[in-house]
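Colleague: sequence plus the predicted model coming up.
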Amino acid sequence: MTSKAIGSGASAALARASVVVPWAIVLAASAFFPASAPVGGLLFVVLGLAAVTLTAFGAHEWGRAARTSPVLWESTARNAWTIGVLAALLFFARALGDSSRGLAEVARSLALAFLPALYGLALAALCLVPALRLRDSGAGSHSDESRGGADRWLGAALFLALVAWTLMRSPLGDAWRFTPWAMLLHWPAVLVVAGGALLVAAIAGPALRGRIGVVALALSAALASLTGLVLVLFGFADQSIARVVSGLDFILTSCFVAHVGMLIVANPIEDRRMRGGADPFPGSRTAWLLFPVATLVFLVITLVLAMTPMQQKL
Amino acid sequence: MTETRNGPSGPQDEIDVLLRDTLRDDLPTEVEARLERRIQRFVASRAETRRRPGLTFLGFVWAPSQRVVAVAASLLLVSGFGLQASSGPDRLVESLSDVSTAVTLARVVRGATSMSCVGLEDDALASPAALADRIYRRWVLLRSRSRPDGTVVYEFLARNESAVYELVSRDLSRPPREIRKRSLADAARGEDARPGDVAMCSWEVPPAGTPGIVFMLGR
C-alpha cells in the first residue's frame, strides 16, 4: 500500500515536472522575442492554457483524460477562448502604455492586440471537436474525482506568473508612458468587482456557494464595465479627459480581474464538479461564452475612444 | 406444497423464465451508458446536498458570517464607487490626452486645402498632407505648454531626424501658424530655435460645411 502510494506520488511528480520544465523553458525563451501580440499572444495562449488546465486536471491525469474525458476537452476549449480574450486585453493595455512611439504604430499595436482572441477562438474550436466526439460516444460517463491537489495550486501560480511577466516585459518603444498594470489594476474597479461577486455569492446562500462563482464574477464585472462606460460618456459630455480615462480604466480593470478570477478560481471549481458527474451551474455556460465577447466589445469601444479627438477644456 | 412450489418445474420458475425472456438485459451500450451517466449525476447531486447538512459546525459558523460577508461586500462596493469619484492616474491622463491632441492636430492639418511657410526649408512643410503624415506616423508628441500670449506650443520629437519640432497654434481647431525646428542637442541644452529654423505659415482651410469625408481625406 505504502510502496504503491510512493510509486504513484513519484509518477505524479514526474508528470508534473514533464509539464512544468518545458513550460518554464518556453517562457524563458519568449524573452528573446519581441513582446508583440502576434508572437507573444500565441505564447500566452498556449502557456496559459497549460497552466490553467493544471488547476482542474493533475499533470499525471492528462494522458488518460485526453482519451476518455469530454470534460477535459470542453474546459480546455472554454479556457482557450477566455485566455485568448485576456491576452487581447493585456496586449491592448501594453499598446496604450507604449505610446512613446508614433501614433500610427500605437494604432497598429492596438489593432494587433485583438489577434490573441482569434488564436483562442481557433484553439477552442479545435478542442470542441474531441469533446463532442467523446460525449457522443458516451465516454467519460463515470464520475471522475480530481486527484491533482498540488497541481491545482501550481497551475494557478504559473498562470499568475505568466500574467505578471506579460505585463512587466519591456515595451517595444523607448519606455512606458504609463505602465500597463497602472491601467489594469485600478483599485476602485478591483473593489467593485470583488465586492459585487462576494455580494452575489452571499445573496445566493450556502446552497449555491462555490457554484455561482463564474456568474457572480461575470455579473459584477459587467456592472463595473457599464459604470465605466457611463463615466466615459460623462467625461465626453463635460470635456474632461481625466474622467474619460478614469472610465476606461474602470472598464479594462474590471474585465481583467473577472477573467483572471474565472480562470484560476471559479472555472476550476466548476470543472471539478463536472468531473464528479454534475452539470455546470445554469448561467455558467452563458457567462463563459458571452463575457469574453462583451470584453472584446468594450476593447473596441476603448480603441475608438482613445483615438477619437476630443475637445478639451483649456 | 412448498416442494411443489420450489421444484424445478413449479409455476414460480415458469414466471421467472418468462420474465427473463421478456425483460432481457440487452440494452444497447449507448443507452446503458446514458442511463449510467444519469444515475451518476443523480448520485453526485445527492452527495452534494448530503454533504452540506453534514457540515453542521461550519454551517453554524457560516450562517452568521454570511451576513458579515454581505456587509463587507457592500462596503467594498461602496468604497470602490467612492474612490472612483476621486481618483485618476495622472500619467495615464497625460498620455491619452497627448494621443488625442496629436490625432486632432493631424486631422486639422490634413484638412487644410494648402499651406505656405516662409523661413524654414523642410520636407515636412511641403504640403498639409506631408506635415499631417509626419505628425501621425513619425513624430511623437512630447509635451504641450501654454504661452502668455494665449498660444499653445506642441513639442514633437522627430527621432529619425534627431530633432524637435515645435508647432505653435492658437487652439487645436486651427493649424499651426509657426513651426520651429531644433536639434536634439539644442533642445536638451534648452536653447531656442535659430532664426533660419523658424517658419511662419499661412493656411487655406475649407469653408464651413465641407463634407466630413472630404475633410478627412484632405482632398
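Modeller: Arrived safely, thanks for sending.
Colleague: tell me the secondary structure at the most centrally placed residue in chain B.
Modeller: The residue lying closest to the centre of chain B (C-alpha atoms, centre = their mean) is B:L96, at 13.1 Å. Under DSSP: H, G, I helix; E, B strand; the rest coil, B:L96 falls in the helix class.
Colleague: identify the residues contacting it.
Modeller: B:L96 makes contact with A:L96, A:I241, A:V244, A:V245, A:L248, A:A306, according to C-beta atoms under 8 Å, 6 or more residues apart in numbering or on different chains. For every residue, glycine as well, the C-beta is placed using N, CA and C.
Colleague: one more pass at 6 Å, please.
Modeller: With contact taken as C-beta atoms under 6 Å, 6 or more residues apart in numbering or on different chains, B:L96 is in contact with A:V245.
Colleague: any idea how far A:A197 lies from chain B?
Modeller: 8 Å (C-beta to the nearest C-beta, to the nearest Å).
Colleague: and the pLDDT for that residue?
Modeller: Listed pLDDT for A:A197 reads 92.
Colleague: isn't it right next to A:L217, touching?
Modeller: Yes - using C-beta atoms under 6 Å, A:A197 is in contact with A:L217, at 5.0 Å.
Colleague: chain A contacts on chain B?
Modeller: Residues of chain B lying near chain A by C-beta under 6 Å from any C-beta of the partner chain: B:30, B:33, B:36-37, B:40-41, B:44, B:66, B:69-70, B:73, B:76-77, B:79-80, B:83-84, B:88-89, B:91-93, B:95-97, B:99-100, B:102-104, B:136-138, B:140.
Colleague: show me which of the residues you listed are buried.
Modeller: Buried subset of the residues of chain B next to chain A (neighbour count, 16 or more other C-beta atoms under 10 Å in any protein chain shown): B:33, B:37, B:40-41, B:44, B:66, B:73, B:76-77, B:80, B:83-84, B:88-89, B:92-93, B:95-97, B:99-100, B:102-104, B:136, B:138, B:140.
Colleague: out of these, which are inside helices?
Modeller: Among those, the residues falling in helices (DSSP state H) are B:33, B:37, B:40-41, B:44, B:66, B:73, B:76-77, B:80, B:83-84, B:92-93, B:95-97, B:99-100, B:102-104.
Colleague: B:P206 in helix, strand or coil?
Modeller: Classification of B:P206 by three-state DSSP places it in coil.
Colleague: residues near the closest residue to it other than its chain neighbours, how many?
Modeller: The shortest distance from B:P206 to any residue other than its chain neighbours is 5.8 Å, reached at B:T113 (C-beta to C-beta, 6 or more residues apart in numbering or on different chains). For B:T113, the neighbour count with other C-beta atoms under 10 Å in any protein chain shown is 13.
Colleague: can I see the domain layout of chain B?
Modeller: As recorded under automatic domain parsing, the domains making up chain B are B:2-82, B:91-217.
Colleague: mean pLDDT lowest for which of these?
Modeller: Least confidently modelled of those is domain B:2-82, at a mean of 71 by mean pLDDT.
Colleague: where are the low-confidence patches of chain A?
Modeller: Counting by pLDDT under 70, the low-confidence segments of chain A come to A:1-8, A:99, A:138-148, A:173-174, A:310-314.
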